[in-house]
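1. my questions concern the predicted model and sequence given below.
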Amino acid sequence: MAVCAVEIDRLRAAWRNARQELLAERAPSGHWVGELASSPLSTATAISALVLSHRGNCQFAEDSQAEGIKDLVQQELSDLVISSLHWLVRHQNDDGGWGDTDRSRSNIATTMLVRAVFQMTGIPAQYGHLAEKADAFIEQNGGVSALKRRYGKDKSFAVPILANLALAGLVPWKQVPALPFEWACVPQSWYHLVRLPVVSYAVPALVAIGQAKFFHDPPRNPVMRFLRRACLQKSRAVLERMQPESGGYLEAIPLTSFVVMSMASSGQAESRVVQRGIEFLLNSVRSDGSWPIDSNLATWNTTLAVNALVPEQASDDDPSGGQVLTDRLLQWLLDAQHTEQHPFTGARPGGWAWTDLSGGVPDADDTAGALIALSRWQQHGVGHKNASVRKAAEDGAQWLIGLQNRDGGWPTFCRGWGYLPFDRSSCDITAHVVRALIAWRPYWETQKPRYFRMSHIERAVHRGIKFLEKQQLSDGSWIPLWFGNQFHATDQNPVYGTSKVLLMLSDLQLLNSSLAQRAVRWLLDVQLADGGWGPVISRDSETGRPEKPPENDSDVQHPPFADGESSGAVACESSVEETALAVEALLQLSSATDEIRSAIDLGVAWLVRAVESGRLDDPAPIGFYFAKLWYYDRLYPRLFSAGALARAACRSGEPPAVKPFPMKTLL
C-alpha cells in the first residue's frame, strides 16, 4: 500500500529518526527502562507516609500545623519534605486543584490527598492562598460524596484516600468504611470466592487500612471486635509475606505509602513492613522531591520496543533486528520471567510482570508482550539459545491459557476475579493475548509442547474472539482497560482499544469480517480534523456517530507544531500515541478503499510532521494506572511511532502471505 501524502524521503527520514531515538534510550544491558511521569498524587501520599511514620503518631489538632512543620525542620527528613512540598505548590493548577501528572486536569482524589499532606505539615507562608483555592476546588466538585461516586463499589482507592484524610484530621474516622482485613487470613485461593470490596492487587491496602480503621474507630459489636483483634497478627504476617525484596508493593508508590501510613498510625511504626516500605520510598524519590506512580515499566517498554523495531520477517531495508536482538537482551528478558509461584497473587510460574524489579506481579498483558517479542528471536534465529526461548514461550503460553476467564476473555492478574473493573476480562488484554498465542503458531504446529496441544490454543483463541464479539460496542469500537483519554466524556480510550483488536484480527486474517469492517468504519469516523487521532469528543446530533473529519487534506487546517513544547491539558488534540496506533491498525488492510487510503495518508503525514517538530518529546497522559490514576511514560511517543512509521515506510504492495488461523464457522 503506497503512502503518498508526504514524500517518501521525508517518511523514511522520520522513521529513521524515531527508530534511532528509541535505540538511543536503551540501558547498558540492551533493554529499555523509560521514565514515568512525576505524580502529585504519589508525591502527596509518600510525604504523608514518611511524616506519619517519622512522628510515630497521627493525631493532628487544628492548631498543630506550625508545630508539625517546626518539628520536621529539625529532623533528618526536613529538606526532602520541604522540597516535595514546594514541588507540589509549583504544580497546583489554576483552578486550585491537582491532576495526576503535570499534564493532567485537576481531579477530586489527587486534590484531596495533596490537601491532606499540607494539613499535616503546614503550608509555607508565601503560599497562604493555596489551601483556600484547594478547598474551593474540593467543595465545588462535590467533596467526599464526589470521591465515593468516582470509584463506585470499588473501595480499593476511595477508602485509602478517606483514611489519609482522616489521618490528617480533615474527616472523622466515622466516614472511613471498615475493610474486612480478617479475610486476608483465609487461604489465598479463596479470595475470589469471598467477593472482597477491593481488587486483587489491593490486598495489602485492605489489611493495613482495615487495621488502621480498627485502631482508630473499632466496631461497637463486641463479637466483631473480638474477631478482628484475633486476626491482627495473622493478617500482618500476610502483609509481610506479600512485601517484595524492594519493600514496595507492586513497586507502586501510592499503594506502599498507604500501607506505611496506616500501619504507622496503628502503633506499628517500628515493624519490618513499615521500615522496608520507608526504605522503598526513600529510594524512589527523584532529585526534585517528586515521586512517580511506579518504579518503572521496563519489561513492558522493552517488549514494545522489540516488537516496534524488529519486523516479523527479515528485511534488508531494516537493520534494527541485528541491533536489537542481542544475546544480552534475550537473557534479560528470559530472566524477567517468573519461575516460582508469586506470593502476592498466588500466580503460577510462567508469566511476566511490567517490570523486572522484585515488586512486579505477573500479568496477562506483559506476558503477551514478552511472548510476541520472543517470537522475533524465534523467527530471526537465535542459535544456541533456541531451547531456552522455546521453553520460556511454552511456559508463558501455558500460564496464559490457565488464566482465561469463563467468559472467554483475559483478566489482568487473577482468573475469576470478576467483581470489580480492574479484575474483569478486558478487550485490550484479550486481543494482546490472542496475538501472542498465534505468534507461536508455526512452532505449536511442528513441535509438541509439553503442557498443551494445538487444540488448546485453538479453543482459547476461539473463546477470546467470542468474548470480543460480545464486547464490541454498537458503533464498532472496543474499550480498553489500562488506557484512557482525559478529554473523553468517561475517560475512555476507544482509539487504543479498537486499534489493538484490529491488529489481532489482522494477525488472524479476519480483516474482512464484520467485526473488523465495523471497527475500521469507526476509526475513519473519529479521525480528527488535523489528520491525527485523539479524544472522541463530539457526535452528530442525528446519527449519534462521532463527527466526521474533512474529506480531503486541502480542507484540513493543521495546527502548528511547537518544537518540543508540551501542549499540556488545555486543548483536545491528536496525540502521537493514538495516531500511531490507528495508523498501524489501518495499514494492515491489504485492499483499501480511497477513503481508507486518504485516512492513512493524513495520519502518516501527521506523524511525520510530529517527528519533524519534536513531538516525540511530548507524551500524552493516556495511561491508566490502578484506580483511574493517569500517567504517561516518556518513551511512549517513540515506541508507538516507531512501529507505525516502520510499517508505513517499509511495506509496499501486498502484505506477506500468512496462513489463516483455523476459525471454523465462528465468524
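-> Structure received.
2. show residues contacting whichever strand or helix holds residue 228.
-> Assigned by DSSP states H and E, residue 228 falls within helix 222-230. With contacts defined as C-beta atoms under 8 Å, 6 or more residues apart in numbering, helix 222-230 is touched by 181-182, 210, 214, 218-219. Where you see a C-beta, it was placed from the backbone N, CA and C, and this is true even at glycine.
3. which strands or helices does the next helix or strand after that helix pack on?
-> Using DSSP H and E, the next helix or strand after helix 222-230 towards the C-terminus is helix 232-242. Packing contacts for helix 232-242, counted by 3 or more C-beta pairs under 8 Å, 6 or more residues apart in numbering; DSSP states H and E, involve helix 203-216, helix 272-284.
4. make CSV from those and add mean pLDDT and mean neighbour count to it.
-> CSV is the format used below for the helices and strands packed on helix 232-242 (pLDDT from 0 to 100; neighbours: other C-beta atoms under 10 Å):
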stretch, mean pLDDT, mean neighbour count
helix 203-216, 92, 26
helix 272-284, 95, 20
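5. would a markdown table of those helices with distance to residue 380 be doable?
-> Shown next, in a markdown table, are the helices and strands packed on helix 232-242 (distance: least, C-beta to C-beta, whole Å):
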| stretch | distance to residue 380 |
| --- | --- |
| helix 203-216 | 41 |
| helix 272-284 | 37 |
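6. can you pull out the strands in this structure?
-> Residue ranges of the strands in the chain, as given by DSSP state E, are 623-625, 629-631.
7. does residue 451 touch residue 394 like I think?
-> Yes. Using C-beta atoms under 8 Å, residue 451 is in contact with residue 394, at 6.4 Å.
8. the more surrounded of those two?
-> Set residue 451 next to residue 394 and count neighbours by other C-beta atoms under 10 Å: residue 394 wins out with 20 against 13.
9. for the more buried one, which non-adjacent residue is closest in space?
-> Sequence neighbours aside, residue 449 is the residue nearest to residue 394 in space, at 4.8 Å (criterion: C-beta to C-beta, 6 or more residues apart in numbering).
10. now do residue 84
-> Using C-beta to C-beta, 6+ apart, the nearest residue to residue 84 is residue 289, at 3.9 Å.
11. residue contacts, the one you found?
-> Residue 289 makes contact with 43, 80, 83-87, according to C-beta under 8 Å, 6+ apart.
12. and if we set it to 10 Å?
-> By C-beta atoms under 10 Å, 6 or more residues apart in numbering, residue 289 lies in contact with 38, 43, 46-47, 79-88, 90.
13. filter those residues down to just the ones in helices.
-> In helices, judged by DSSP state H, the following of those are found: 43, 46-47, 79-88, 90.
14. is residue 608 in contact with residue 14, as I believe?
-> Yes. Contact criterion C-beta atoms under 10 Å: residue 608 and residue 14 qualify, at 4.4 Å.
15. so what sits against both of these two?
-> Here residue 608 and residue 14 share the contacting residues 6, 641, 645, 648-649, scored by C-beta under 10 Å, 6+ apart.
16. ranking those residues by neighbours, who comes first?
-> Among these, the one with the most neighbours (other C-beta under 10 Å) is residue 641, at 31 neighbours.
17. how near is it to residue 609?
-> 12 Å (C-beta to C-beta, to the nearest Å).
18. shared neighbours of those two, which are they?
-> Common neighbours of residue 641 and residue 609 (criterion: C-beta under 10 Å, 6+ apart): 14, 615.
19. neighbours around residue 233, how many?
-> For residue 233, the neighbour count with other C-beta under 10 Å is 9.
20. break the chain into its domains for me.
-> Annotated domains of the chain cover 1-30+477-651, 40-284, 296-471 [automatic domain parsing].
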